[in-house]
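**Student:** here's my sequence, what's the structure:
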Amino acid sequence: MTEVAHIREVSRRLLGVPDVPPLSPADPDMRIMIGIPMERTINQHAFFGFWAIAMGGWPIAKLEYTRNDIAREKFAEFLMSSQATHLLMLDSDHIHPPDIVDRLARWFRAYPDLVQVVGGLNYRRGEPFDPCAFLDPGDGGFRRMDNWGLGATEIEALGTGSIMIARSVFEKLADQKPWFGYDYNLPGYPGTDMWFSRLCTKNDISLWCDTTTTSPHIGDRFITEKDYRAWIAEHMEEVRPVSPFPLIRLEGV
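**Tutor:** The predicted structure follows:
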């Protein structure tokens, strides 16, 4: 069986990369709060990444070591009790680019009527090293992406390694807490990312993946797209990736 026979194509919207000026921490219209869930010790590579981001003047919420789902819930509550308009959560086991605030914020600024949630294209730390961004081909399940265009691709489930969420999302979901939970009664213990993604889908909140922004996952080595492609090449007979093509490019929205 050929590789093409394994790949199912689905149509998804693709936002073109916007050209907007840098965002200032003092901007009155978009005020970012950064939350860093710390369920583990921060690797030195990750530390210097956070240091570079902090040097940009972005406020970082203070929260001591705690369980992942509790930390995410608290950061959302911090946002709602503050003057901030957006929450950017950055996991402590990734190396985030120093301009990640600008990179994710630009989608909200360029497409204010479409984007409420956007995250970077990050990869799982272990095999199959797949993107933490998933598509539903129509059967209610999640499938790993195979190919994607450059821009922000609409998806059905988004990893929370680097994710920016508008305040309006939590206002809409105010009576549906927890926003980030675990269900220990289900096989595989779906994490906070799948929980939040399903909640958004249920409430018609679109999820977008910025395929031009990546925060390498820290394991024994850095995990990038190269590792995912190598794994897929070796296991094509076992898996059925989903390709978000043909893409419907939205220009000048």
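
**Student:** tell me how far the closest residue to Pro25 other than its chain neighbours lies from Asn68.
**Tutor:** Leaving aside its sequence neighbours, Pro25 sits nearest to Gly57 (Cβ to Cβ, 6 or more residues apart in numbering; 4.2 Å). (Glycine included, C-beta is placed from N, CA and C.) Using Cβ to Cβ, to the nearest Å, Gly57 is found at 27 Å from Asn68.

**Student:** those two: who's more crowded?
**Tutor:** Neighbours per residue, other Cβ atoms under 10 Å: of Gly57 and Asn68, the larger number sits with Asn68, 19 against 10.

**Student:** got the phi and psi for that one?
**Tutor:** Main-chain dihedrals, Asn68, degrees, to the nearest 10: phi -60, psi -50.

**Student:** just the helices in this structure please.
**Tutor:** Remark: helices assigned in the chain by DSSP state H are 3-6, 44-54, 68-80, 100-110, 167-172, 192-202, 225-235.

**Student:** in the longest one, what counts as buried?
**Tutor:** Translated: helix 68-80. Under the neighbour-count criterion of 16 or more other Cβ atoms under 10 Å, helix 68-80 has 68-76, 78-79 buried.

**Student:** give the contact list for Ile95.
**Tutor:** 45-46, 49, 215-216, 218, 222 (Cβ atoms under 8 Å, 6 or more residues apart in numbering).

**Student:** 10 Å instead, please
**Tutor:** By Cβ atoms under 10 Å, 6 or more residues apart in numbering, the contact list for Ile95 reads 43, 45-50, 214-218, 222.

**Student:** over to Ala105?
**Tutor:** By Cβ under 10 Å, 6+ apart, the residues touching Ala105 are 20, 22-23, 27, 30, 32, 86, 88, 99, 115, 118, 164.

**Student:** and Arg229, how far from Ala152?
**Tutor:** For Arg229 relative to Ala152 (Cβ to Cβ), the value is 21 Å.

**Student:** between the two, tell me which one has more neighbours.
**Tutor:** It is Ala152, of Arg229 and Ala152, that has more neighbours when counted by other Cβ under 10 Å, with 31 against 12.
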